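Asker: I need the structure of the sequence given here:
(one chain, ligands or ions: 1)
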Amino acid sequence: MKSDEYRAAREQMVAEQLIAKGIKDQRLLKIFREIPRHLFVDSFMEHLAYKEYPLPIGFNQTISQPYIIALMLEYLQVEPENTVLEIGTGSGYQTALLANLGKTVYTVEYISELSLKAQSILLKLGIANVRFKIGDGALGWSEFAPFDRIIVSACGEFIPHQLIYQLKENGRLVMPIKKESYQVLILGVKHNNRLIQRKIKECEFVPLITTNKKQN
Ligand code: SAH
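Answerer: Model prediction:
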């Protein structure tokens with residue numbers, strides 16, 4: 001496909017998958033029209049990049065479907081002056097969106113190959129306000145804490161304590177949490193050092209890899 005065909009595919013994605021399903025934030029819709037999602041998947045899958053489903057990115061991981069990323073970002077409400085901590089860099093697609101919405105993005109990925117690949121794509125796109133780390137994101141990134149926003153792209157059994165601790169007062173956190181037989185996307189807002197939580201929607205994410213089982 002040629003670049004104008006990809007642009008048309010992005011317009012169609014925004015109209016049919018995001019606006020049609022209730023995503024309203026204009027800043028968000030603009031960024032989805034701009035970021036070339038097809039560059040974040042293997043070249044033999046490029047023609048599927050703007051479809052309504054997640055795609056494999058290797059190592060048993062997936063790039064999330066456009067709508068679920070838009071939904072998470074709409075609840076996260078990233079302001080231009082915000083610092084954002086992202087857990088699960090994966091392909092780097094959501095990282096690129098976040099980098100355009102906020103001031104600085106700190107992104108942590110467990111699988112080094114995925115992080116390195118994401119780093120090279122963002123470099124090619126000229127996105128320079130992102131710091132990458134390879135490691136267990138459940139521990140956060142204390143060196144740069146506290147953060148205005150935290151987004152977790154893999155499903156855990158609870159919200160890691162370190163992430164709540166590293167979130168600013170009035171900061172927002174979005175993360176999928178596993179219940180008995182399903183997952184639910186949670187929005188947390190920090191008030192008086194406590195995270196006030198509400199459910200957004202049922203969802204389906206890959207599991208958060210855990211190295212510290214004694215956290216809860
Ligand atoms: N937003 C990404 C989603 C990738 S899937 C995208 O659209 O491409 C979730 C990612 O979280 C995977 O890359 C997985 O390796 C990573 N992950 C899982 N557990 C993690 C952990 N404990 N710390 C950091 N990254 C983790």
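Asker: quick one: the longest helix seen in the chain near the ligand?
Answerer: If you go by DSSP state H, the chain has its longest helix at helix 112-124. Yes. Applying C-beta under 6 Å from any ligand atom, one finds helix 112-124 touching the ligand at Leu114. In this view, the C-beta of every residue, glycine as well, is placed from N, C-alpha and C.
Asker: mean confidence for the next helix or strand after that helix?
Answerer: As assigned by DSSP states H and E, the chain's next helix or strand after helix 112-124 is strand 130-134. Averaging pLDDT along strand 130-134 yields 98.
Asker: Repeat that for stretch 87-103.
Answerer: What stretch 87-103 shows for mean pLDDT is 98.
Asker: Just the buried residues of that stretch, please?
Answerer: Buried residues in stretch 87-103, defined by neighbour count with 16 or more other C-beta atoms under 10 Å: 87-102.
Asker: Mind checking which of those are in strands?
Answerer: Ile87 (DSSP state E).
Asker: filter the buried residues of stretch 87-103 down to the ones close to the ligand.
Answerer: Ile87, Gly88, Gly90, Ser91, Tyr93, Gln94.
Asker: Would you mind putting those residues into a markdown table with distance to Met1 alongside?
Answerer: Below are these laid out as a markdown table (distance: C-beta to C-beta, whole Å):
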| residue | distance to Met1 |
| --- | --- |
| Ile87 | 32 |
| Gly88 | 28 |
| Gly90 | 23 |
| Ser91 | 18 |
| Tyr93 | 17 |
| Gln94 | 22 |
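Asker: Check those against Ala70 and report the nearest one.
Answerer: Gln94 (10.0 Å; C-beta to C-beta).
Asker: Spatially nearest residue to that closest one (excluding sequence neighbours)?
Answerer: Distances taken as C-beta to C-beta, 6 or more residues apart in numbering place Ile69 nearest to Gln94, at 5.3 Å, with adjacent residues excluded.
Asker: For that neighbour, identify the helix or strand it belongs to.
Answerer: Ile69 belongs to helix 66-76 when assigned by DSSP H and E.
Asker: these two touch, right, Pro66 and Arg37?
Answerer: Yes. Using C-beta atoms under 8 Å, Pro66 is in contact with Arg37, at 7.2 Å.
Asker: picking that back up, now the longest helix of the chain: buried residues?
Answerer: Buried residues in helix 112-124, counted by 16+ other C-beta under 10 Å: Leu114, Ser115, Lys117, Ala118, Gln119, Ile121, Leu122.
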